[in-house]
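Undergrad: Would you be able to build a 3D model of this:
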Amino acid sequence: MMKIVIYQVFTRLYGNRNTTRTKNGSIEENGCGKLADFTPTVLKQIREKGVTHVWYTGVIRHATQTDYSSYGIPRQHPAVVKGRAGSPYAITDYYDIDPDLAVNVDKRMEEFEKLVARTHRAGLKMIIDFVPNHVARQYKSVAKPKGVADLGEDDDPSMGFSLQNNFYYCPGQSFAPHFDLYHGEKEPYCETPAKATGNDCFGNAPGQNDWYETVKLNYGVDYYAGQTPSSLQLPSTTIPSTWQKMLDILLFWASKGIDGFRCDMAEMVPAAFWAWATTKVKEAYPEILFVGEVYNPGEYRHYLASGFDYLYDKVGMYDVMRDVICHRRGTDALTWAWQMNDDIASHMLYFLENHDEQRIASDFFAANAQKAVPALIANVLMQQNPFMLYAGQEYGEAGMDVEGFSGHDGRTTIFDYWSLDTLCRAAAKKLTNEEQALADTYSRVLNIAISEKAVGEGKSFDLTYVNAQHFRQYAFLRKAGHEVLFVVVNFDDRPVNCDVLIPAHAFDYFQMNEDNYTAVDLLTDEQHVLTFKRDGKVLVSIAKRSGVILKFKV
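TA: Numbering: from 1, shown residues only. Coordinates of the predicted model:
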């Protein structure tokens, strides 16, 4: 089984080579990446990084301040759009492609279908977002198939909650948030009655820090009566309207040939819906993947049982690894992090960056992308589970731009028209020596992950419990068949000579004999002779913020 490596690209930004970068700039000023930018050559380069799946973030049409009304696309009021470009998680039409991404707006779906085909021809699989919890305040589908009722079309807005309503309402109350509803327009944004806001704000006056640009979808949970998503069961008779409509949307995109969905804020949608919907989608498309954004570790097993293949391991491995990188915790915390989910380890998605998190190289995180190299090696190689990286991470993108709606926060904007300096210079082959070296390291590690049987199929043995003296180093073994990987990483800011104890239990667990083994470091191709004895120590030299991946056969 091949290790899954997901490359997240923010589609609007990835291919944009316009370097104007005006704060709050329009699409005309700052440009915008297109689906067509993912040419066969570009996709081949992504594949060569050691990637198996590309997650194209933000391809479904969402709210924007850019006016596409001449193409028959409803204009959005800027008061309920975050940023000039808008959030990709404020969907305005589940059946449409975002016009920003098209060379020819009238043929945007055709351009998407061609991208699916190109991605597959490049030997890659394709993941897109499914945003099930909320939609843009001015949701209006112009691309839905004939005979499909729009979300909210048949709602009774006089009822705060109804099983057959798609939205929640505040009867008798208009939308009255604590901010400007004009936003430069002659007329204010109006909504009567007000709909509940996406982050479970059931009043008519969300604040600036709420997801005010979105409205909550109703899956049959009566929040007004104190019901919770976890208490909802599969209905014995009537299926809620939203369930069927969202299933139809999943099946629509699956029919386009995609290979998986990354499901936004999956835990805000009842597990009962997921169990019902994933079963039906996989009956028609057995190989399709569901990746869930779930932040409550107490719910992990619940959502896996409901049909998810993989879940974010954010509140756990990501949080711990970030602390280890920044020397706030010792490496023994990594053992704790994976042990917390050992029974579901193969279903946990590890990552060091994504569009929600701060960039490693930002001043808010490590201020130096090289500091995460040992974390990269460990996260990618320690288990069979998938790993995800965010485009630009491999070059040390710092995320320190002030783009507009997204301020000085160490994150790459998802709200503004922008381009990334590192991606532009990588395309022009103008990376610094340090950036190129980092990119080479990422490529080497990821290609090891997808090619080595010990990584994709092998068992793991964490050596930290008998090597507690090395609180900034982390060591483990992987084995499949006769092939063994001995991995030691160094989070310290100085090189170390590390004597790693190999306990007798490791020999028994792997059915491995004591011997002198000739090993090759897969990172450097250098050969080493390793003396493996029960309860004996193996001395390895490791550069600062780096690691060794020593392969030998038994």
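Undergrad: Going along the chain, name the helices of the stretch 351-500 of the chain.
TA: 373-381, 421-427, 433-451, 453-456 (DSSP state H, counting those that start in this stretch).
Undergrad: among the ones you listed, which is the most enclosed?
TA: helix 373-381 (a mean of 25; mean count of other C-beta atoms under 10 Å). Yep, even glycine has a C-beta here, placed from its N, CA and C like the rest.
Undergrad: so what does that one touch, helix or strand wise?
TA: The helices and strands touching helix 373-381, judged by 3 or more C-beta pairs under 8 Å, 6 or more residues apart in numbering; DSSP states H and E, are helix 319-325, strand 348-351, helix 433-451, strand 473-480, strand 483-490, strand 546-553.
Undergrad: Turn those into a markdown table, columns for distance to D98.
TA: Formatted as a markdown table, the helices and strands packed on helix 373-381 follow (distance: least, C-beta to C-beta, whole Å):
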| stretch | distance to D98 |
| --- | --- |
| helix 319-325 | 31 |
| strand 348-351 | 24 |
| helix 433-451 | 28 |
| strand 473-480 | 41 |
| strand 483-490 | 40 |
| strand 546-553 | 40 |
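Undergrad: Kindly present those as JSON lines, with separate columns for mean pLDDT and distance to T39.
TA: Output for those, formatted as JSON lines (pLDDT from 0 to 100; distance: least, C-beta to C-beta, whole Å):
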{"stretch": "helix 319-325", "mean pLDDT": "98", "distance to T39": "34"}
{"stretch": "strand 348-351", "mean pLDDT": "98", "distance to T39": "26"}
{"stretch": "helix 433-451", "mean pLDDT": "98", "distance to T39": "19"}
{"stretch": "strand 473-480", "mean pLDDT": "98", "distance to T39": "36"}
{"stretch": "strand 483-490", "mean pLDDT": "98", "distance to T39": "35"}
{"stretch": "strand 546-553", "mean pLDDT": "98", "distance to T39": "32"}
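Undergrad: buried residues in stretch 500-508?
TA: Neighbour counts over stretch 500-508 (16 or more other C-beta atoms under 10 Å) mark V500, L501, I502, P503, A506, F507 as buried.
Undergrad: cool, stretch 120-138 as well?
TA: For stretch 120-138, by 16+ other C-beta under 10 Å, it's 122, 124-138.
Undergrad: quick one, which of the helices of the stretch 351-500 of the chain is nearest to P74?
TA: Among the helices of the stretch 351-500 of the chain, helix 421-427 comes nearest to P74, with 31.7 Å by C-beta to C-beta.
Undergrad: Can I get that closest one in CSV? Just the C-alpha atoms.
TA: Presented in CSV, the C-alpha positions along helix 421-427 are these (Å, rounded to 0.1, in the frame of the first residue of the first chain):
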residue,chain,number,x,y,z
ASP,A,421,6.7,35.2,-3.5
THR,A,422,8.3,31.8,-3.2
LEU,A,423,5.9,30.2,-5.7
CYS,A,424,6.7,32.9,-8.2
ARG,A,425,10.4,32.6,-7.8
ALA,A,426,10.3,28.8,-7.8
ALA,A,427,8.5,28.9,-11.2
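Undergrad: out of the buried residues of stretch 120-138, which are inside strands?
TA: Counted as lying in strands by DSSP state E, out of the buried residues of stretch 120-138, are K125, M126, I127, I128, D129, F130, H134, V135, A136.
Undergrad: one step back: among the buried residues of stretch 120-138, which one lies nearest to A305?
TA: Closest approach between the buried residues of stretch 120-138 and A305, by C-beta to C-beta: P132, at 17.7 Å.
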